[in-house]
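Undergrad: based on what follows, work out the 3D shape:
(one chain, ligands or ions: 1)
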Amino acid sequence: MKTIFEKSNGVDGINLTDEKIDTSFLDSSFIRDEKIGLPQLGELDVMRHYKELSDRNFCIEKGFYPLGSCTMKYNPKVNEFLAALENFGSLHPLSVDEDCQGALELMFKLQEALKTLTGMDAVTLQPSAGAHGELTGMMIIKKYFETKGDLRKKVIIPDSAHGTNPASAKMCGFDIVEIKSNDRGQVDIEALKLVLDKDVAAIMMTNPNTLGLFEENVLEISRLMHENGSLLYYDGANFNAIMGYTNPRLMGFDVVHLNLHKTMATPHGGGGPGAGPVCVTEALKEFLPAPLIDFDGKKYFRNYNLKHSIGSVKAFYGNFGVLVKAYAYILMMGKNLKNASENAVLNANYLKEQLKKYYDLPYDEVCMHEFVLSGEKQKHQSGVSTLNIAKALMDENTHPPTVYFPLIVHEAIMIEPTESETKEKMDEFVQIMIKIAKEAEIYPEKLISAPHTTPVKRVDETLAARHPDLKFQG
Ligand SMILES: *Cc1c(COP(=O)(O)O)cnc(C)c1O
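TA: Numbers count the residues shown, from 1 in each chain. Got it, this is the predicted structure:
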């Protein structure tokens with residue numbers, strides 16, 4: 001397919017040169033004298049070009065999207081409609097409090113809802129992604145210890161953690177201490193005790209962890225950490241697994257981030273916008289980024305009065321459109337948020353039980369919202385790797401699951417169906433996975449050369465990462 005620049009045929013879709021634009025007030029050094037080089041095509045050609053491009057895209061509206069740890073669920077479109085309402089979409093972020101009571105009320109009530117869901121005491125809505133929430137949370141933890149005059153340097157992170165966890169802690173200047181999981185995929189308590197000393201500021205945990213397993217010893221872990229004067233950070237990106245059933249506060253955590261773009265109605269992938277609110281206990285409230293949204297009984301207002309605030313982590317108050325969608329979704333779902341988690345967990349366990357007959361399941365336990373298979377059997381028997389299986393799925397109009405993560409599982413295939421899929425759709429996926437497992441035995445060459453039907457075949461991922469060439473050279 002040609003780029004729109006290559007298709008350019010000189011037809012004026014719109015002719016700007018007819019317009020008399022007064023540029024006399026501009027300094028002449030700002031006026032361009034050569035052509036800008038934009039493509040020129042008629043409206044119909046432009047439309048066909050972008051329609052063709054969008055048809056090449058895969059999205060949840062097109063097919064099954066079981067990308068583990070990403071919660072690619074269907075997000076009701078009504079939330080998009082609400083976020084686009086003129087009075088939300090056109091509101092200026094510098095409007096004075098009196099003029100934007102509605103928006104402030106919405107943010108305040110969203111904070112309250114997230115407090116209820118997480119069990120925490122205070123919330124900032126500023127961070128714009130999960131990893132950004134982690135960074136904010138770690139900055140809060142750092143400042144907490146600095147303020148106490150107790151400079152701790154270490155952060156403990158289990159080997160099953162999301163890669164952003166060590167990166168966020170490191171960016172805050174902490175040293176990372178990794179601990180191994182035990183043979184049941186849980187944090188190894190003995191390994192934890194061995195590294196716990198007075199230099200440990202915090203542990204960063206995901207629960208359920210990236211194997212999709214609930215950490216059974218989480219209360220013991222929080223007791224050990226708190227006795228050591230350390231804090232507990234909860235990576236709540238996968239909150240879809242536990243909403244309404246339990247919460248990080250009950251598990252003993254001090255700081256939590258949520259990914260509203262995974263759990264609360266904002267579609268994601270491709271880089272945003274998202275929202276990664278951070279929720280903390282009362283003891284950490286004064287460290288949150290200012291302003292918080294507050295209510296004095298009469299009016300809503302921006303509260304900058306935080307004694308040890310780490311400062312701002314994002315312009316204004318975060319990605320407001322995402323906050324509108326999340327609040328609308330929470331109101332729409334009400335008590336059914338609990339059902340979303342229940343069905344997400346049920347769906348994952350259903351798929352796991354169906355698929356474990358055909359693929360290795362290294363941790364054969366009841367799972368939460370996702371589970372991790374291994375393509376090791378196929379790799380050994382016929383040289384068909386997990387990557388080949390992922391590519392073969394693309395030929396079946398199915399988005400591949402997350403592969404080669406978590407790192408502790410060889411040839412990992414991490415599957416998260418989410419609550420929004422029907423049994424029929426999951427059964428279809430099972431049949432496709434069985435077909436691929438059989439093909440791996442009798443016709444491995446087909447899988448090794450997959451995909452066969454996609455517009456783009458195998459790409460050189462190493463080259464793409466090492467030499468990103470993102471600009472069209474005409
Ligand atoms: C997705 C995810 C993150 C990162 O979230 P972003 O919004 O992509 O920055 C962190 N931790 C876990 C467990 C995740 O699944």
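Undergrad: shaky segments in the chain?
TA: Within the chain, the ranges that satisfy pLDDT under 70 run 16-19, 270-271, 474.
Undergrad: got the domain boundaries for it?
TA: 78-335, 339-466 (automatic domain parsing).
Undergrad: hmm, the longest one in reach of the ligand?
TA: Yes. Counting by CB under 6 Å from any ligand atom, the ligand is contacted by domain 78-335 at 129-131, 162, 164, 206, 235, 237-238, 259, 274, 276. (Each C-beta comes from the backbone N, C-alpha and C, glycine too.)
Undergrad: look up how far Gln111 lies from the residue of the chain found nearest the ligand.
TA: Here the residue of the chain nearest the ligand is Gly130; by CB to the nearest ligand atom that distance is 2.3 Å. Per CB to CB, to the nearest Å, Gly130 is found 18 Å from Gln111.
Undergrad: which of these two has more neighbours?
TA: Gly130 (26 against 23; other CB atoms under 10 Å).
Undergrad: quick one: that one and Ala167 touch, right?
TA: No. Counting by CB atoms under 8 Å, Gly130 stays clear of Ala167, with 11.5 Å between them.
Undergrad: if we can go back for a sec, which of the residues of domain 78-335 next to the ligand are buried?
TA: Among the residues of domain 78-335 next to the ligand, those classed as buried by 16 or more other CB atoms under 10 Å are 129-131, 162, 164, 206, 235, 237-238, 259, 274, 276.
Undergrad: still on that earlier bit, what's the farthest-apart pair in the residues of domain 78-335 next to the ligand?
TA: Spanning the widest gap among those are Thr206 and Gly274, at 17.4 Å by CB to CB.
Undergrad: related to what we said a few turns ago, mind listing what the residue of the chain closest to the ligand touches?
TA: Gly130 is in contact with 164, 235, 237, 257, 259, 262, 274, 276, counting by CB atoms under 8 Å, 6 or more residues apart in numbering.
Undergrad: one more pass at 10 Å, please.
TA: 162, 164-165, 168, 235-238, 257-262, 268, 274-276 (CB atoms under 10 Å, 6 or more residues apart in numbering).
Undergrad: just checking, Lys73 touches Ala241?
TA: No. Counting by CB atoms under 10 Å, Ala241 is not a contact partner of Lys73; they are 11.9 Å apart.
Undergrad: name the residue in those two with the higher neighbour count.
TA: Per other CB under 10 Å, whichever of Lys73 and Ala241 has more neighbours is Ala241, with 25 against 21.
Undergrad: got the phi and psi for that one?
TA: The phi/psi pair for Ala241 (degrees, to the nearest 10) reads phi -80, psi -20.
Undergrad: show me the contacts for the nearest residue to it once chain neighbours are set aside.
TA: Nearest non-adjacent residue to Ala241, counting by CB to CB, 6 or more residues apart in numbering: His369, 3.7 Å away. His369 makes contacts with 68-69, 71, 208, 212, 238-242, 263, 340-341, 343-349, 416-419, as judged by CB under 10 Å, 6+ apart.
Undergrad: tell me the SS of His369?
TA: Following DSSP: H, G, I helix; E, B strand; the rest coil, we place His369 in the coil state.
Undergrad: with Pro208 instead?
TA: Under three-state DSSP, Pro208 comes out as coil.
Undergrad: contacts only, for it.
TA: 214-215, 238, 241-242, 345, 348, 367-370.
Undergrad: farthest-apart pair in the residues you listed, please.
TA: Glu215 and Ala348 (16.6 Å).
Undergrad: how about the helices of the stretch 51-200 of the chain, start to end?
TA: 78-83, 86-89, 101-118, 130-148, 164-171, 189-195 (DSSP state H, counting those that start in this stretch).
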